[in-house]
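# whatever this is, show me its structure:
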Amino acid sequence: MEETYKGFQIRYSENSGEFIAAIGDSTYQNSNLVSVKKYIDKLDKKDFKRIDVIVESYGEMQDAVVTSYPEGQSKTYQECWISFKDKSRYDSRRKINIKQVFLDNPHNREILTWIKGKEVAIARLKKEINQFKETLETYNPDA
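Numbering: from 1, shown residues only. All right, here's what the predicted structure looks like:
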């Protein structure tokens, strides 16, 4: 089953038993079609611009989209909802600290590439240091 509701494609997945709405680069899914349509109705009411971002998740940089920003948060800790572009993730949508969310633009991509290169160099240096450590003579109280 597939239908269009307010410009969004909704399809039923027999594998998961859920209705899946394609919303930009992300999706929303629920076992109840009415719930999916209510979610889309709420999107219509929000005037929130979805923004492409790069998210630091479990030590890796992942492409994502900011889907909403809850209002009334404290200034010390703020979160936003993001949807990962990689749909094979088990947690394709989640709330995340905004300090881990970076705009997806050429400037940030360049910096992240530079950081990745430095991380590779650091890993190489750590390996070299460990090789030197293995050649150190150890203390032997019996000698």
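
# hey, let's count contacts and neighbours off CA atoms from now on
Will do.

# now Ala121: phi and psi?
Phi and psi for Ala121, reported as degrees, to the nearest 10, are phi -60, psi -40.

# my bad, Tyr139
Dihedral angles for Tyr139 - degrees, to the nearest 10 - are phi -70, psi 130.

# how many other residues sit next to Lys37?
18 (other CA atoms under 10 Å).

# and it, how far from Glu18?
Remark: distance between Lys37 and Glu18 (CA to CA, to the nearest Å) = 13 Å.

# next one: Glu119
According to CA to CA, Glu119 and Glu18 sit 41 Å apart.

# more neighbours: those two, which one.
Counting neighbours by other CA under 10 Å for Glu119 and for Glu18 shows that Glu18 has the greater number, 17 against 12.

# each with direction, which strands does the helix or strand hosting Thr67 pair with?
Assessed by DSSP states H and E, Thr67 sits inside strand 60-68. Strand 60-68 sits in its sheet next to strand 51-57 (antiparallel), strand 79-84 (antiparallel), going by DSSP bridges.

# pLDDT of the longest one, averaged?
Taken as a whole, strand 51-57 has an average pLDDT of 89.

# what ranges do the strands span in this structure?
Using DSSP state E, the strands found in the chain span residues 2-5, 8-13, 18-23, 26-30, 51-57, 60-68, 79-84, 93-97, 101-103.

# rewinding a little: buried ones in the strand holding Thr67, by neighbour count?
Met61, Asp63, Ala64, Val65, Val66, Thr67, Ser68 (16 or more other CA atoms under 10 Å).

# that older thread, Throw the strands of the chain into TSV and include distance to Ala123, thanks.
Shown next, in TSV, are the strands of the chain (distance: least, CA to CA, whole Å):
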stretch	distance to Ala123
strand 2-5	49
strand 8-13	43
strand 18-23	39
strand 26-30	34
strand 51-57	19
strand 60-68	15
strand 79-84	28
strand 93-97	27
strand 101-103	24
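
# nearest to Ile115, of those strands?
Ile115 lies closest, by CA to CA, to one member of the strands of the chain: strand 60-68, at 11.1 Å.

# run through who's touching the closest one.
Residues from elsewhere that reach strand 60-68 (CA atoms under 8 Å, 6 or more residues apart in numbering): 25-26, 48-56, 80-86, 104.
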